[in-house]
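**Student:** Give me the fold of what follows.
(one chain, ligands or ions: 1)
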Amino acid sequence: MLNQKITSILLAASMFTVFTANPVSAGIIDTAAGINAVRYESGAAAGSGESDQNRLFTSLEEKQEAEKAVLMKIRTETAKAADAAEEAADEALDCAEKTEGEEIEEAADSAVLHAENARAASDLVAAANDMQTVEMTASIAEAAREEASQAAAEAEEAAQAEADRAKKAAEEEAAAKAKAEAEAEAAAREKALASAEYLGTFTLTAYCNCAACNGSAGNPTASGVMPTSGHTVAMGGVPFGTKLLIDGTIYTVEDRGTPYGHVDIFFDSHEEALDFGMGSADVYLIKE
Ligand SMILES: [Zn+2]
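**Tutor:** Numbering: from 1, shown residues only. Okay, the predicted model is just below:
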C-alpha cells in the first residue's frame, strides 16, 4: 500500500521533471546556440583579418570558460543530490518496514519529502545530461576555431605567394627595363662612334667650380649653364654644344678657358680634379 503510494508519487515527480522547463538547461541551450552562432561567424570570417579572428576567439574562450564553470557546479550539485536521494530512498524503505496504524500518515509525509528530494536529484541529472551537449558544442567550437585558424594560415600563405609572385614580376620587369636601357645606350654610343670624326691627340686637364680653379667659386659656365661632372668640358675654337668623345665618354663643350687642342674636363670636387691631373687622349668629334 505504502510502496504503491511512493511509486505513484515518484512517477508523478518524474513526469513533472520531464515537462517542467529547467532554467539551468535553458541557460545551457542558450549558450549552445551562441556557440553555434559564433562557429558560423568564425567560419565566415576566417579570411577577414587577424583582429576579427582574435575577437572571435576571445568571445569563444569566454563562452567556454562560462560553460566549464556551469558544468563544474552541476556536477558537484548532482553528486550531492544523488547522495541525498539514495539516503532518502533508504529512509523511506525503513519507514515502510517500521510503520503501523496511525504512523502510516506520518510515514507517507516523510516519503513525499524523500520523493521531492529524488525529484530534485533527477532534475540535476537531466541538467548534467544537457551539460554533455554543452561539452559537445565546446568541442565543435574548438574544431571551428581550428578550422578558422587553418583557413587564416592558408590565406596568409596564399597572400605571401601572391606577394612573392608580384615581387618577382616587378624585379623581372625592372631587369628587362635596365637591360633595354643599357642596350639603347650601347646602340647610341655605337652609332655615335660610327659617325665620329677624329680630331687628334689633345691635352687633357681638369678643373672644378672652386675659387682656386676659377678665381671665384660656384660660377656658371661661359655658355651660361651650370657645369656637371662627366658632361661639361671647356675648350676654345668650337661652338658651345660641340660633343667630344674622350676615352669612351661623350662630353659637351660648355665652357672656355683653354685653346683648341686642350680639353679642360669638369669635376664636382677639387680633389677629383687634382687626382685627374694632366694627360692626353685621342679626341673625336661626335656628329649628330
Ligand atoms: Zn678646383
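**Student:** Spell out the residue ranges of the helices in the chain.
**Tutor:** Remark: helices assigned in the chain by DSSP state H are 2-19, 23-44, 50-98, 103-194, 211-214, 270-276.
**Student:** what about stretch 211-231, near the ion?
**Tutor:** Yes: interface with the ion: stretch 211-231 contributes 212-213 (Cβ under 5 Å from the ion). Where C-beta positions appear, they are placed from N, C-alpha and C, glycine not excepted.
**Student:** quick one: average pLDDT of that stretch?
**Tutor:** Averaged across stretch 211-231, pLDDT comes to 94.
**Student:** List the contacts of Asp268.
**Tutor:** Shown in contact with Asp268 (Cβ atoms under 8 Å, 6 or more residues apart in numbering): 208, 229.
**Student:** Phi and psi next, for it.
**Tutor:** Backbone torsions for Asp268, taken as degrees, to the nearest 10, come to phi -70, psi -30.
**Student:** Relative to the ion, how far out is it?
**Tutor:** Going from Asp268 to the ion by Cβ to the ion, to the nearest Å gives 10 Å.
**Student:** go on, Asp247?
**Tutor:** 21 Å.
**Student:** May I see the domains of this structure written out as residue ranges?
**Tutor:** Following automatic domain parsing, one gets these domains for the chain: 2-169, 195-286.
**Student:** Could you check how many residues crowd around the closest residue to Ala234 other than its chain neighbours?
**Tutor:** Leaving aside its chain neighbours, Ala234 sits nearest to Asp255 (3.4 Å; criterion: Cβ to Cβ, 6 or more residues apart in numbering). Applying other Cβ atoms under 10 Å, we find 23 other residues in the vicinity of Asp255.
**Student:** Would you mind confirming that Asp255 is in contact with Ala222?
**Tutor:** Yes: at 5.1 Å, Asp255 and Ala222 qualify as touching, with contact defined as Cβ atoms under 8 Å.
**Student:** Report the set of residues contacting both of these two.
**Tutor:** Shared contacts of Asp255 and Ala222, counting by Cβ under 8 Å, 6+ apart, come down to Ala234.
**Student:** How about whichever strand in the chain runs longest and the ion, any contact?
**Tutor:** With residue count as the measure and DSSP state E as the assignment, the chain has strand 197-207 as its longest strand. No: using Cβ under 5 Å from the ion, strand 197-207 never reaches the ion; the gap is at least 5.8 Å.
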